[in-house]
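Asks: sequence below, structure please.
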Amino acid sequence: MRAEEEIVYTRVLLVGVDTGEDPDFEHSMEELKSLAEAAYKQVAGIIVQRMEKVNKSLYIGTGKAAEVKEYAGQCEAQEVVFDNALSPSQVRNLGRELDLVVLDRTNLILDIFSIRAKTREAKLQVEAASLQYMLPRLVGMRENLSRQGGTGGSMSNKGAGETKLELDRRKIEHRISMLKKELETVAQNRETTRKKRSRSRIPQVALVGYTNAGKSTIMNQLVDRYGGGEQKNVLEKDMLFATLETNVRSIHTGDNRPFFLTDTVGFIHKLPHGLVQAFRSTLEEVKYADLIVEVVDFSDEHFRQHMEVTEETLKELGAGDIPRIVAYNKCDKAEGHAGAEDYSEEKLHSGAAGQDRRIYIAARLGNGIEELAELIKECVYADRVEAEFLIPYDNGGVVAYLMENATVSAREYQEEGVRLRASCHRSDAEKYGGYRVC
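Replies: Next comes the predicted model:
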C-alpha cells in the first residue's frame, strides 16, 4: 500500500441508473462507493436515476446529465464515476457533456488492481487488461486525459488527429501482443510447478470467494498452525482486493495427511471480463484443485448474492463441479441478519460441520480453524483405504514410499520383511497389492 503522505485523494461523484433489472441495485451502489475508496477516491456525492432503459448516447438522460454537471460543480468533484460499464461512445459523449473526467466501474477495478499489483505476473496481467479496455476508447480517453491537464503518455496531446490515434492504436496492439507472449511464458512456468505438485500426489485445496471474505486470514491461520514455521504469511487486510497473487502453501497437520492450500484473487459483482481473461492462468489454479473451500463473509447481509457471484465465476472457469466446503466466516460479527437463520452461537464455538459440508468459523479469532483443517482432510483423503503390507527387506523403496505418502499407524520388523499397517490412497493399495496381507 502507498505511504499515507503519498496518497492524493480525488473527489468523485458517483452516478447509477436503476432500470429495475438488478434487484441488488442499492447494494451495487454501496459497493461502488467501497471500490472508489479502495482506489483512493473521496466520494463527494451520489446521484441515481430511475428509468426503464439506459440512454444509448449518454447512459443517463440529457436532463439528468445537466443535473450531474451542476451538482459536480457544487461538490467540487473532479471525476464522475458510473456504476456500470460504459461504451466508448458513452464515455466520449459524457466527457463532452460534463466537461469532467468520466470513469466507470471497470475503470475503478482496474485502478485498484494496478495499485495492488506487486509481482511481475500481476503487473503484466493488469497492464494487459487495462490496454484491452483502453483500445476501443482511445478518442474518449484522449479527451479525458486533456481534462486532467494533459498528463501522461502519448495520448495526452490535446487536439491530435486520426493519424495520431492510429499510431496510438498500433502501439497499444503491439504492447498487448508482447504482454501476451510474456504471460504465456509465466503460464508455462506455473503449469510446470503445478505438474510437480500433482506428481507428489498431495491433494490440492483452493480457497475461493468474494473479495474481502477472509481467505487470506484463513490461510495465515492454517500456516501459523500447520505450516512448519518456514512459510511466509500472505497479506491480510480489511479491504477490497487486498491481494492479487495466487499463493500456495503446504499444510502438514502431523498425521501424514498433508495438502497444498491455494489462496486466490477475490471475486466481485460485475468483475470485468477483461480481468478474468488476463488473470485466467492465475484463476485456473482453482480448476486443478481436488477440493474448493468457498469462503463466505457471513456478517454481510448480502452474502447469498456474493455466493451467486462466486458460483457464476467458478462455472466460467470450468470449476463448478469440483467438490466443495462452504466456510461461513466472520460469524462473530453476524447479527442475525436476514438469511442467517441456519446459524447459532453453538455452531461457531464448535466449528460444527454438517453433512452438507458447511462450517461456521471466525478466522480472525482462530475459531473453527482446526475443525476446518479436519474437514478438509476428511474430504481430500476420502478415497483412502486401510491396508496391511508385508514388504521384503530388498524392496526398501516401497517402504520409504508408503512412509512418505501414507498414514502409517504401525510398523513391525519381522523375519520376512517390514509389516506396515497404513491408510493409503486406493491406487497405491492396488499398485502394491502383491504385498498386502489383509
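
Asks: please, where are all the strands along the chain?
Replies: Assigned by DSSP state E, the chain shows strands spanning 10-18, 41-50, 79-82, 101-104, 204-209, 247-251, 259-263, 291-297, 324-329, 358-360, 384-391, 407-413, 418-425.

Asks: residues of the second one that come out buried?
Replies: What that stands for is strand 41-50. Neighbour-count burial for strand 41-50, with 16 or more other CB atoms under 10 Å as criterion, is recorded at 41, 43, 44, 45, 46, 47, 49. Quick note: C-beta positions are derived from backbone N, CA and C, even for glycine.

Asks: chain center to it, what's the gap?
Replies: 27 Å (CA atoms, centre = their mean, to the nearest Å).

Asks: need the contact partners of that strand.
Replies: Here strand 41-50 makes contact (CB atoms under 8 Å, 6 or more residues apart in numbering) with 9-20, 29, 33, 36-37, 60-61, 64, 67-68, 71-72, 75-77, 79, 81, 108.

Asks: so where is the stretch 151-300 of the chain shaky, pLDDT-wise?
Replies: 151-163, 198-200, 229-230, 235-239, 242-244, 278, 281-282 (pLDDT under 70).

Asks: phi, psi of residue 40?
Replies: phi 60, psi 50 (degrees, to the nearest 10).

Asks: surely it touches residue 7?
Replies: Yes. At 5.4 Å, residue 40 counts as touching residue 7 under the criterion of CB atoms under 8 Å.

Asks: state the pLDDT value of the closest residue to residue 387 other than its chain neighbours.
Replies: Spatially, and ignoring its direct neighbours in sequence, residue 387 is nearest to residue 429 (4.8 Å; CB to CB, 6 or more residues apart in numbering). Reading off the confidence values, residue 429 has pLDDT 89.

Asks: same deal with residue 142?
Replies: Each residue has a pLDDT score; the one for residue 142 is 56.

Asks: bridged to the residue lying closest to residue 67 once chain neighbours are set aside, which residues?
Replies: Leaving aside its chain neighbours, residue 67 sits nearest to residue 47 (7.0 Å; criterion: CB to CB, 6+ apart). Counting by DSSP bridges, residue 47 is bridged to residue 15.

Asks: quick check, pLDDT for residue 47.
Replies: For residue 47, pLDDT reads 95.

Asks: quick one: neighbours of residue 120, just the number.
Replies: 10 (other CB atoms under 10 Å).

Asks: what does residue 189 give?
Replies: A count of nearby residues for residue 189, using other CB under 10 Å, gives 12.

Asks: what of residue 223?
Replies: Residue 223: 22 neighbours (other CB under 10 Å).

Asks: buried set for the longest helix seen in the chain?
Replies: Using DSSP state H to define each element, the chain has its longest helix at helix 162-199. Buried residues in helix 162-199, counted by 16+ other CB under 10 Å: 168, 172, 176, 179, 183, 186, 190, 194, 197.

Asks: out of these, flag the one nearest to residue 365.
Replies: residue 197 (30.9 Å; CB to CB).

Asks: will you turn the strands of the chain into a markdown table that also has distance to residue 306?
Replies: As requested, the strands of the chain are exported to a markdown table (distance: least, CB to CB, whole Å):
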| stretch | distance to residue 306 |
| --- | --- |
| strand 10-18 | 19 |
| strand 41-50 | 22 |
| strand 79-82 | 22 |
| strand 101-104 | 21 |
| strand 204-209 | 7 |
| strand 247-251 | 21 |
| strand 259-263 | 17 |
| strand 291-297 | 7 |
| strand 324-329 | 11 |
| strand 358-360 | 15 |
| strand 384-391 | 34 |
| strand 407-413 | 36 |
| strand 418-425 | 35 |
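
Asks: which of the ones you listed sits closest to residue 228?
Replies: Judged by CB to CB, the one of these that comes nearest to residue 228 is strand 247-251, at 7.6 Å.

Asks: so how far is that closest one off the chain centroid?
Replies: In terms of CA atoms, centre = their mean, the centre of strand 247-251 is found 16 Å from the chain centre.

Asks: which strands and helices lie in contact with that strand?
Replies: Under the contact criterion of 3 or more CB pairs under 8 Å, 6 or more residues apart in numbering; DSSP states H and E, strand 247-251 touches helix 215-226, strand 259-263.

Asks: surely the residue nearest to residue 387 and residue 383 touch.
Replies: No. Residue 429 is beyond contact range of residue 383, at 10.1 Å (criterion: CB under 8 Å).

Asks: who's more crowded, these two?
Replies: Between residue 429 and residue 383, counting by other CB under 10 Å, residue 429 is the more crowded of the two (20 against 10).

Asks: distance of that one relative to residue 213?
Replies: 38 Å (CB to CB, to the nearest Å).

Asks: and for residue 334, the neighbour number?
Replies: Neighbours of residue 334 under the rule other CB under 10 Å: 21.

Asks: now for the strands of the chain, which one comes closest to residue 135?
Replies: strand 101-104 (15.4 Å).

Asks: CA atoms of the closest one as CSV?
Replies: Output of strand 101-104 as CSV, limited to C-alpha atoms (Å, rounded to 0.1, in the frame of the first residue of the first chain):
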residue,chain,number,x,y,z
VAL,A,101,-13.2,13.0,-16.4
VAL,A,102,-15.6,10.1,-16.8
LEU,A,103,-14.9,6.7,-15.4
ASP,A,104,-17.0,3.5,-15.0
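
Asks: residue 405: neighbouring residues, count only.
Replies: Based on other CB under 10 Å, the number of other residues close to residue 405 is 17.

Asks: ok, now how distant is it from residue 128?
Replies: Counting by CB to CB, the separation of residue 405 from residue 128 is 40 Å.

Asks: and what of residue 119?
Replies: Separation of residue 119 from residue 128 (CB to CB): 14 Å.

Asks: neighbour count winner among those two?
Replies: Shown here are residue 119 and residue 128; by other CB under 10 Å, residue 128 has more neighbours (23 against 13).

Asks: great, nothing more from me.
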